[in-house]
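Trainee: Predicted model follows, preceded by the sequence.
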Amino acid sequence: MGNASKSTPVPTSPNDRAAAAAAAVTDRHLHRLLGSPGTRIASVAWPKGPLRSRFGLWHYWWHAHLVDLLVDAAIHRADDDRSYDDATADVVNRLIRSIRIRNLGRWTNNYYDDMAWLGLAIERADRHLDLRHPRAQRALTGKMLDSWVPHLGGGIPWRTMDLFFNAPANGPAAILVARTGHTERAVAMADWIDATLIDPESHLVIDGVKPGGAGGQGGVERVTDIYTYCQGVVLGTELECLRATGDLRHLERIDRLLGAVEQHEAPGGVIRGAGGGDGGLFAGVLARYLALVATDLPDGVPDGDSIRHRAAAVVTASAEAVWANRAQTDDGPLFGADWSQPARVPAGEGSSATFVGGAVHSSAIPERDLSVQLSAWMALEAAAAVDLRLPEHDRNEAPWTPNRDRS
């Protein structure tokens with residue numbers, strides 16, 4: 001992926017900044033799994049902490065986003081002779097292979113949000129880099145389709161043997177089933193999210209719902225925490241449904257949610273941070289799907305230019321803050337957990353990220369976590385996509401015509 005160096009000229013274009021982030025993060029974190037040829041895996045902390053097992057620590061969904069980012073890098077920096085994208089495709093193939101090895105030979109785990117993220121990353125890798133992982137795609141998409149339980153009030157659950165139906169699982173799952181041709185299910189999921197998980201006052205997406213209600217008296221209990229990445233995946237869901245159906249209710253939801261993000265989740269135009277651990281990825285996910293609105297909103301939709309401009313403005317401002325507040329190290333730029341504040345350089349001191357109750361909690365210094373670095377890199381790649389006007393989808397893949405008659 002390149003070699004980060006403090007002597008490299010300071011990048012100025014969005015794509016050059018994203019390239020610098022890609023080189024720095026991969027150089028610091030990416031290595032062979034147990035030294036085996038043909039493999040790649042990422043250290044979840046830098047500087048590395050003490051190993052707790054022969055395999056070392058790893059986090060499944062962080063690695064899914066690493067795959068996604070390497071796909072971004074190949075798309076945004078493809079050369080005429082394909083040497084860059086071919087080399088990146090080889091790294092992606094090795095990383096996907098190693099994820100399966102590290103996951104004890106399986107594509108799946110017990111968390112539907114994790115599986116949705118890996119499914120999305122592999123679908124993009126196969127579509128953009130001409131790779132072939134049909135078994136992985138079938139296994140992961142099948143899990144999303146089979147876990148749909150509207151008779152229990154969902155949605156799909158957060159994890160197996162659980163009745164918590166949340167946006168972090170349903171959002172990426174809906175995008176995945178949409179991109180794999182299951183339009184009717186994707187629309188049903190979008191409608192469930194809109195009916196169940198939208199706060200009536202702020203119009204933001206809440207975390208999720210649990211059956212039972214207060215005191216177990218029936219109904220549902222609303223878990224009203226607000227996370228930036230929930231907003232991102234619902235924007236992505238509605239955009240995929242709009243592209244596939246032409247139904248303008250999805251455009252109306254995009255416009256409404258974008259306005260809520262602008263008002264509540266991007267103070268000063270910059271997406272708010274959520275610390276390290278799993279939270280380190282949240283802002284980057286929102287940046288990715290805001291960029292998707294900017295690049296892939298269909299031509300001809302009402303107020304389309306305004307919606308694209310507003311989404312792009314948040315992406316651009318956030319990426320500028322990421323870059324302005326980076327710390328420069330001998331190993332390349334290092335990015336902060338709060339993009340509006342200067343990054344802190346970790347030295348291996350303090351506690352490292354720990355897995356508690358189904359989530360990864362932050363290191364003492366969040367910048368140490370791979371998630372934080374991936375999120376910033378994601379914002380820079382999102383800004384590159386906006387600047388280069390590179391859409392995720394071929395404009396001819398799903399010809400869009402407005403449909404105002406669907407209820």
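Mentor: That came through fine.
Trainee: Where do the helices of the protein begin and end?
Mentor: 14-29, 60-76, 83-102, 112-129, 134-146, 167-179, 183-196, 228-245, 248-264, 282-296, 304-324, 370-388 (DSSP state H).
Trainee: G35: which of those is closest?
Mentor: When the helices of the chain are compared by CB to CB, helix 83-102 sits nearest G35, at 11.8 Å. For the C-beta atoms, the positions are set from N, CA and C on the backbone; glycine is no exception.
Trainee: Between helix 14-29 and the closest one, find me the angle.
Mentor: Put simply, helix 83-102 runs at 40 degrees to helix 14-29, going by axes from the mean of the first three to the mean of the last three CA atoms, to 10 degrees.
Trainee: mind checking how far helix 83-102 is from the chain centre?
Mentor: Counting by CA atoms, centre = their mean, to the nearest Å, helix 83-102 is centred 18 Å from the centre of its parent chain.
Trainee: Which positions in it come out as buried?
Mentor: Within helix 83-102, the residues that count as buried by 16 or more other CB atoms under 10 Å are 84-85, 88-89, 91-99, 101-102.
Trainee: Show me what it is packed against.
Mentor: strand 41-42, helix 60-76, helix 112-129 (3 or more CB pairs under 8 Å, 6 or more residues apart in numbering; DSSP states H and E).
Trainee: what would these look like in CSV with mean neighbour count?
Mentor: As requested, these are exported to CSV (neighbours: other CB atoms under 10 Å):
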stretch, mean neighbour count
strand 41-42, 24
helix 60-76, 24
helix 112-129, 24
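Trainee: Can you say which of these is nearest to L30?
Mentor: Of all the helices and strands packed on helix 83-102, strand 41-42 comes closest under CB to CB, at 5.4 Å.
Trainee: The closest one pairs with which strands, and in what direction?
Mentor: strand 30-31 (antiparallel) (DSSP bridges).
Trainee: what's the average pLDDT for the strand it pairs with?
Mentor: For strand 30-31, mean pLDDT is 96.
Trainee: now stretch 219-227
Mentor: Averaged across stretch 219-227, pLDDT comes to 93.
Trainee: What distance do you get for the nearest residue to G350 once chain neighbours are set aside to A45?
Mentor: Once flanking residues are discounted, G350 sits nearest to A364: 2.8 Å by CB to CB, 6 or more residues apart in numbering. Per CB to CB, to the nearest Å, A364 is found 11 Å from A45.
Trainee: Now for these two: what residues contact both?
Mentor: S352 (CB atoms under 8 Å, 6 or more residues apart in numbering).
Trainee: between the two, which one's more packed in?
Mentor: Neighbours were counted for A364 and for A45 using other CB atoms under 10 Å; A45 has more, 22 against 12.
Trainee: Quick check: pLDDT value at that one.
Mentor: On the pLDDT scale, A45 is placed at 93.
Trainee: thought it was touching R368?
Mentor: Yes - in terms of CB atoms under 8 Å, A45 counts as a neighbour of R368; the distance is 5.1 Å.
Trainee: what touches both of these two?
Mentor: By CB under 8 Å, 6+ apart, A45 and R368 have these common neighbours: S352, A353.
Trainee: tell me the contacts of T295?
Mentor: Here T295 is in contact with R308, A385, V386, R389, L390, P391, E392 (CB under 8 Å, 6+ apart).
Trainee: list the contacts for the fifth one?
Mentor: Contacts for L390 (CB under 8 Å, 6+ apart) come out as I75, H76, T295, A384.
Trainee: Just give the number of residues close to the closest residue to the second one other than its chain neighbours.
Mentor: If you skip the residues right next to it in sequence, H76 has A384 as its closest partner in space, 4.8 Å away by CB to CB, 6+ apart. Burial measure for A384: 26 neighbouring residues, criterion other CB under 10 Å.
Trainee: One more: R222?
Mentor: For R222, the neighbour count with other CB under 10 Å is 15.
Trainee: repeat for T26
Mentor: By the criterion of other CB under 10 Å, T26 has 25 neighbours.
Trainee: now swap in S36 and tell me
Mentor: 12.
Trainee: Over to it: give its phi and psi.
Mentor: Here is the backbone geometry of S36 (degrees, to the nearest 10): phi -80, psi 130.
Trainee: Looking at per-residue confidence, what score does it get?
Mentor: pLDDT for S36: 92.
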